[in-house]
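A.B. asks: Sequence and predicted structure, then a few things I'm wondering about:
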Amino acid sequence: MKALLMLTITLMAAVVLAGCTDADVASRNLSRAAENFEIDRRIVFYNGVTGGYMLTIEGRCAIEDQKTQLEVTCQTGPGDYRKHFLGLSDNVTYFAEQLSPGDVSAYHYRITFKPQVIVPDFDFRESSDALRDNTSEAMQ
């Protein structure tokens, strides 16, 4: 039974990985590196009507395209992050350019495991009196 399970897992992995080219793996690893603020980028917003650049953001930035807006999160120093929201429309578009080469593999997938994400930080936004009152009511 154990051997059958291992064979099944191996075959599934082979099928999934068989369609991947070196470029697919390298591209995915570059994207992962950029999401972890390891890649310098230049993001330019372009007005298609006027033909001019509207805004340029450079640095270690991760981008997330939300169709009507682009969310750009940049690391500006150790533990210092800035987030920008930029609207997209029919005549405003953007392009992102990688400014420096990324040290990634075309043969091995990259997995980032961050155990601190599993247990989130909680922000409590009540006064201690309200907490004490709510706790007292719940105990009755």
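C.D. replies: That came in fine, so what should we check first?

A.B. asks: Contacts only, for Phe85.
C.D. replies: Counting by CB atoms under 8 Å, 6 or more residues apart in numbering, Phe85 touches Gln69, Leu70, Glu71, Val72. The C-beta positions use only the backbone N, C-alpha and C, and glycine is treated the same way.

A.B. asks: Buried ones only from those, please, as a PyMOL command.
C.D. replies: In PyMOL, this line selects whichever of these come out buried by 16 or more other CB atoms under 10 Å:
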select buried, resi 70+72
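
A.B. asks: Nearest to Thr50 among the contacts of Phe85?
C.D. replies: Leu70 (18.8 Å; CB to CB).

A.B. asks: Could you tell me whether that closest one really is in a strand?
C.D. replies: Yes. According to DSSP: H, G, I helix; E, B strand; the rest coil, Leu70 belongs to a strand.

A.B. asks: Is the nearest residue in space to it that is not next to it in sequence within a helix or a strand, and which one?
C.D. replies: Distance criterion CB to CB, 6 or more residues apart in numbering; nearest residue to Leu70, sequence neighbours excluded, is Leu86 at 4.8 Å. Here Leu86, judged by DSSP states H and E, is contained in strand 80-87.
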